[in-house]
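The following block contains a protein sequence and its predicted model.
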Amino acid sequence: GDRNVFSQAEQQEILKKYNKEDQEKLFITKPLYQRTLIVAGGPLANFLLAIIIFSFIYMFVGKDFTPAKIEEVSIESPAEKAGLKKNDIIRSIDDNKVQSLLEVSMFINSSSSEKISIKVLRNQRELVFVVKPNIVDSKDAFGNSMKKRLIGIKIAPVNNKFNKQKLGPTKAIYYSAKEIWFVIKTTMKFIGSLFQGKGDTSQLGGPIKIAKISGQVMEFGLLAFFSTVA
């Protein structure tokens, strides 16, 4: 009975089909808070599935915790103009803590602000720089058109060592929830930027685009595919 809860005529037709005991089990006879919980079950299942997928990846494959060091700063680049230097260790980007060098590009490109705040560690001191990235037309790994934010730095692991760790269940769930919160926060900021006329609408797509990208990601293996699903 959840097809049209506002139609009184339809409700009466449905109620006639059931006895008093069964009527109490129908969706349309439930109070508003219960109907709200029922319809929230679908979206909640999506969040739970994402936590499960990320948790399994972090437990059995591992999560990267390699600190990000600036190996090179391009001449006349936004990074150089802002004051970033070689050997700076990136601590955070737009208040997102950088725990892996893999996150640097992600945080820069997912930012919807005109300027990006970057906190670095230099000579045991934390410094904050505001960088205005260059936005260029580019293509992703699959050849899809995209607008890329470039600040003109090359990243390398500190001491040239990668640090990938397999996590226990508690830590895996914690970092999974953190990953999901970042996606939610970034999505909401992007939607806000669309209303302000600043968002890149070329990145929007429906089921066909989702299917296309899922198929392309599958070429990189199951791990990449499940990460995309999550």
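Thanks, I have it. Residues are numbered from 1 along each chain as shown.

for the protein, which helix is longest?
Longest helix of the chain, by residue count under DSSP state H: helix 32-60.

on contacts alone, who are the packing partners of whichever helix or strand comes after that one?
Next helix or strand after helix 32-60 toward the C-terminus (DSSP states H and E): strand 63-64. The helices and strands touching strand 63-64, judged by 3 or more C-beta pairs under 8 Å, 6 or more residues apart in numbering; DSSP states H and E, are strand 164-165. For every residue, glycine as well, the C-beta is placed using N, CA and C.

chain center to the strand it packs on: distance?
Relative to its chain's centre, strand 164-165 lies at 21 Å (C-alpha atoms, centre = their mean, to the nearest Å).

Use 650 as the first number for this chain going forward.
With 650 as the first residue, the last one maps to strand 813-814.

and it, what does it pack onto?
Under the contact criterion of 3+ C-beta pairs under 8 Å, 6+ apart, strand 813-814 touches strand 712-713.

Can you pull the poorly scored residue ranges out of the protein?
For the chain, the stretches flagged by pLDDT under 70 are 650-658, 790.

what about the residue nearest the centre of it, which helix or strand?
When the chain is reduced to its mean C-alpha position, the closest residue under C-alpha atoms, centre = their mean turns out to be Val832, at 2.7 Å. Per DSSP H and E: Val832 is located in helix 818-844.

can you pull the buried residues of that helix?
When burial is assessed from 16 or more other C-beta atoms under 10 Å, helix 818-844 yields the following buried residues: 821-822, 824-825, 828-829, 835, 838-839, 842.

Repeat that for stretch 743-755.
For stretch 743-755, by 16+ other C-beta under 10 Å, it's 743, 745, 747-750, 752-754.

for the protein, what spans make up the strands?
In the chain, the strands defined using DSSP state E lie at 712-713, 717-722, 738-742, 745-746, 765-771, 774-780, 783-788, 794-799, 802-806, 813-814.

mind saving the C-alpha coords of the second one as PDB?
Written as PDB, here are the backbone C-alpha positions of strand 717-722 (Å, rounded to 0.1, in the frame of the first residue of the first chain):
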ATOM      1  CA  ALA A 717      52.900  13.200   0.800                       C
ATOM      2  CA  LYS A 718      56.100  15.200   0.100                       C
ATOM      3  CA  ILE A 719      56.400  17.900  -2.600                       C
ATOM      4  CA  GLU A 720      59.200  16.600  -4.800                       C
ATOM      5  CA  GLU A 721      59.100  19.400  -7.400                       C
ATOM      6  CA  VAL A 722      57.300  22.800  -7.800                       C
END
